[in-house]
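S.K.: Take this sequence and fold it.
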Amino acid sequence: MMPDDFTKMVRLLMRRVWLAMLCLAMAASAQTRTLRIVTYNIADDINGATTPLPGLIAPPSAPNNVQAGGVLEGIGEELLNGNAQPLDILALQETTSNPTTVTPMVNALNTFYGVAGMYLNSTYQATESGGSPTSGNGPNAMIYNARTVQLLASVPVDPPGGTNNLGSFSSGYSGEYREVMRYQFAPAGVAAASSNIFYIYVSHYKSGSSSTANNTNSRAAEAFIVRSNMVASLPAGARILHVGDFNTGDASERMYATLTAPGTNQLMDLLNPARSLTTNWDGGIVPAALTDSTTDLQYRDDYQMMTTNVYFGVPGGLKYIPGTYHGFGNNGSTAYTNTVNSGTNTALNNRLVTNGPVFISAAQLYLDLTNASDHLPVVADYTIPLPAPVVTSFSVAGTNLIFNVANSITGGIITVLTSSNLLIPPTNWTALATNVANSGSFRFTNGLNPALPGRFFLFQEK
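M.R.: Residues are numbered from 1 along each chain as shown. Purely as a prediction, here's the structure:
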């Protein structure tokens with residue numbers, strides 16, 4: 001080929017690339033990131049346990065082999081609506097302390113995925129009634145994927161009088177036994193704004209039967225503190241999740257009515273969108289709703305509630321992905337009062353990817369679940385809006401086109417797609433290259449060959 005012919009070809013290709021960039025700008029409003037959010041009572045401050053139990057981050061048969069993975073890594077292998085991804089936010093109950101319980105979990109996740117600093121934890125050390133780190137079933141905590149979300153604030157939601165008023169309602173205290181935490185998040189790699197900020201409240205309510213007034217009064221009092229904080233401290237229309245171990249499946253309790261009452265920042269229960277206040281899930285009527293215990297399923301203790309804008313997918317912020325909310329490892333095939341490792345459980349069968357860092361079988365995960373905690377984790381996927389990747393310039397080097405992408409998507413995973421036409425959405429586009437944005441601009445060079453005229457390029461961020 002003559003030099004002039006090559007130059008003409010490159011110019012033609014560049015004109016086509018500019019068309020693709022215009023196409024990208026028109027599709028920018030549809031750019032989203034999927035987040036996998038989990039709440040998990042890990043039973044790590046009870047019966048002498050302080051460090052992660054076997055099965056949580058490694059198999060019980062090899063508790064030091066975190067590369068083999070456990071429940072936390074298995075959550076990332078589960079296909080929800082065809083999507084599998086590592087967990088992004090992990091709200092914890094029953095830890096002993098950040099150094100003793102949480103740090104080993106962070107280190108294990110980073111080792112499993114082979115990325116130093118991928119996971120971090122909130123540095124705030126929550127507390128509980130009496131302030132002892134080895135009693136009372138332990139404080140709440142938070143782990144998050146720093147490649148996908150940024151933690152903006154960790155705020156304790158204490159009762160009037162502060163932590164000295166933590167304790168059982170029957171003893172004259174607030175009813176909030178373990179310090180409630182409010183975490184503020186936004187997507188990683190972009191500026192925090194009203195369109196992408198969301199909040200997660202983490203609670204571990206007073207345990208005990210609904211037939212005992214002290215238990216129900218304590219739970220109702222904590223719910224009042226939480227809902228009051230949502231109204232007084234956050235703007236109306238904030239995107240809020242309230243997650244944790246609520247220690248009851250009885251919607252007739254005042255706690256449930258307080259959290260779900262219509263008004264500013266009303267919470268929705270995905271299993272009860274009509275807000276029935278007579279339903280009691282603690283029993284065998286809805287086996288798939290049960291989360292406690294893993295060896296004797298009887299109770300629905302663990303929840304992810306959310307404000308109505310998240311539930312209904314109102315544009316402009318965090319949205320729930322319908323059909324993804326569930327107790328990990330329970331689809332109703334485990335009989336009431338039976339174990340999730342019964343041999344009849346089908347919850348994870350044919351629902352796990354086989355091309356992850358390590359493939360963990362369904363049979364292994366059922367065993368892991370019964371060792372890692374007496375609770376099942378509750379998992380759901382959400383989307384959060386993002387700005388579209390901005391292509392600032394491109395150039396030719398040898399047979400490669402080099403695209404420079406602005407750092408507005410720092411930490412994001414960008415895929416370059418190619419097609420012979422400009423149909424949007426890109427149902428007929430083929431992925432050419434994937435890269436992870438670092439600080440500043442970065443470049444794609446994988447297979448973008450200018451000797452292939454008639455091609456357009458599109459950028460997607462995940």
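S.K.: Give me the pLDDT value at residue 136.
M.R.: pLDDT, residue 136: 75.
S.K.: cool, and residue 130?
M.R.: For residue 130, the pLDDT comes out at 88.
S.K.: Please name the nearest non-neighbouring residue to it.
M.R.: Excluding the flanking residues, the one nearest residue 130 by C-beta to C-beta, 6 or more residues apart in numbering is residue 136, at 6.4 Å. The way it works is simple: take the backbone N, C-alpha and C, and place the C-beta from them, glycine included.
S.K.: Buried ones in stretch 111-121, by neighbour count?
M.R.: For stretch 111-121, the neighbour count (16 or more other C-beta atoms under 10 Å) marks 111-113, 118-121 as buried.
S.K.: Columns pLDDT and distance to residue 142 on top of those residues, output as JSON lines?
M.R.: Putting the buried residues of stretch 111-121 into JSON lines (pLDDT from 0 to 100; distance: C-beta to C-beta, whole Å) gives the following:
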{"residue": "111", "pLDDT": "97", "distance to residue 142": "20"}
{"residue": "112", "pLDDT": "97", "distance to residue 142": "19"}
{"residue": "113", "pLDDT": "95", "distance to residue 142": "18"}
{"residue": "118", "pLDDT": "95", "distance to residue 142": "15"}
{"residue": "119", "pLDDT": "98", "distance to residue 142": "11"}
{"residue": "120", "pLDDT": "98", "distance to residue 142": "9"}
{"residue": "121", "pLDDT": "98", "distance to residue 142": "6"}
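S.K.: Let's see which of these end up in strands.
M.R.: Those of these mapping onto strands are 119-121, per DSSP state E.
S.K.: May I see the residues you listed arranged in a markdown table, with distance to residue 236 as well?
M.R.: Shown next, in a markdown table, are those (distance: C-beta to C-beta, whole Å):
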| residue | distance to residue 236 |
| --- | --- |
| 119 | 33 |
| 120 | 31 |
| 121 | 30 |
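S.K.: And the residues you listed, which is closest to residue 34?
M.R.: Nearest to residue 34 out of those is residue 119 (C-beta to C-beta; 17.2 Å).
S.K.: Confirm for me that that closest one is in contact with residue 145.
M.R.: Yes: counting by C-beta atoms under 8 Å, residue 119 does reach residue 145; the two are 5.9 Å apart.
S.K.: okay, now the residue nearest to residue 254 when sequence neighbours are not counted: neighbour count?
M.R.: Nearest non-adjacent residue to residue 254, counting by C-beta to C-beta, 6+ apart: residue 220, 3.8 Å away. When neighbours are counted by other C-beta atoms under 10 Å, residue 220 registers 20.
S.K.: gap between residue 220 and residue 210?
M.R.: Distance, residue 220 to residue 210, using C-beta to C-beta, to the nearest Å: 11 Å.
S.K.: With residue 347 instead?
M.R.: Applying C-beta to C-beta to residue 347 and residue 210 gives a distance of 27 Å.
S.K.: The two: who's more crowded?
M.R.: Legend: neighbour count by other C-beta under 10 Å for residue 347 and residue 210, higher for residue 347 (22 against 17).
S.K.: OK, contacts around that one?
M.R.: By C-beta atoms under 8 Å, 6 or more residues apart in numbering, the residues touching residue 347 are 328-331, 333-334, 340, 362.
S.K.: cool, and residue 42?
M.R.: Residue 42 sits next to 52-53, 56, 92-95, 101, 372-373, 375 when contact means C-beta under 8 Å, 6+ apart.
S.K.: Mind listing residues that contact stretch 280-287?
M.R.: Stretch 280-287 is touched from outside by 210, 248-252, 271, 289-290, 297-300, 330, 332-337, with contacts defined as C-beta under 8 Å, 6+ apart.
S.K.: Show me just the buried residues among the residues you listed.
M.R.: Using 16+ other C-beta under 10 Å, the buried ones in these are 210, 248-251, 271, 289-290, 297-300, 330, 332, 334.
S.K.: Out of those, the closest to residue 380 would be?
M.R.: residue 271 (11.6 Å).
S.K.: shaky segments in the stretch 151-300 of the chain?
M.R.: Within the stretch 151-300 of the chain, no stretch falls below the threshold (pLDDT under 70).
S.K.: What segments of it are strands?
M.R.: 180-187, 198-204, 240-245, 267-268 (DSSP state E, counting those that start in this stretch).
S.K.: partner strands of the longest one, parallel or antiparallel?
M.R.: Paired neighbours of strand 180-187 in the sheet (DSSP bridges): strand 149-157 (antiparallel), strand 198-204 (antiparallel).
S.K.: Just put those strands in JSON lines and tack on distance to residue 73.
M.R.: Shown next, in JSON lines, are the strands paired with strand 180-187 (distance: least, C-beta to C-beta, whole Å):
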{"stretch": "strand 149-157", "distance to residue 73": "18"}
{"stretch": "strand 198-204", "distance to residue 73": "21"}
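S.K.: right, so those: which one is the most enclosed?
M.R.: Most buried of the strands paired with strand 180-187, by mean neighbour count (mean count of other C-beta atoms under 10 Å): strand 198-204, with a mean of 26.
S.K.: And the contacts of that one?
M.R.: 37, 39, 41, 89, 91-94, 137, 140, 142, 157, 177-178, 180-186, 222, 226, 229-230, 234, 238-247, 310, 317-318, 384.
S.K.: again, only this time at 6 Å
M.R.: Strand 198-204 is contacted from outside by 91, 93, 140, 178, 180-185, 226, 239-245, 318, using C-beta atoms under 6 Å, 6 or more residues apart in numbering.
S.K.: for stretch 75-92, same thing?
M.R.: Identification of contacts with stretch 75-92 by C-beta under 6 Å, 6+ apart yields 35-39, 141-145, 148-149, 202, 243, 323-324, 328, 351-353, 356, 379, 381.
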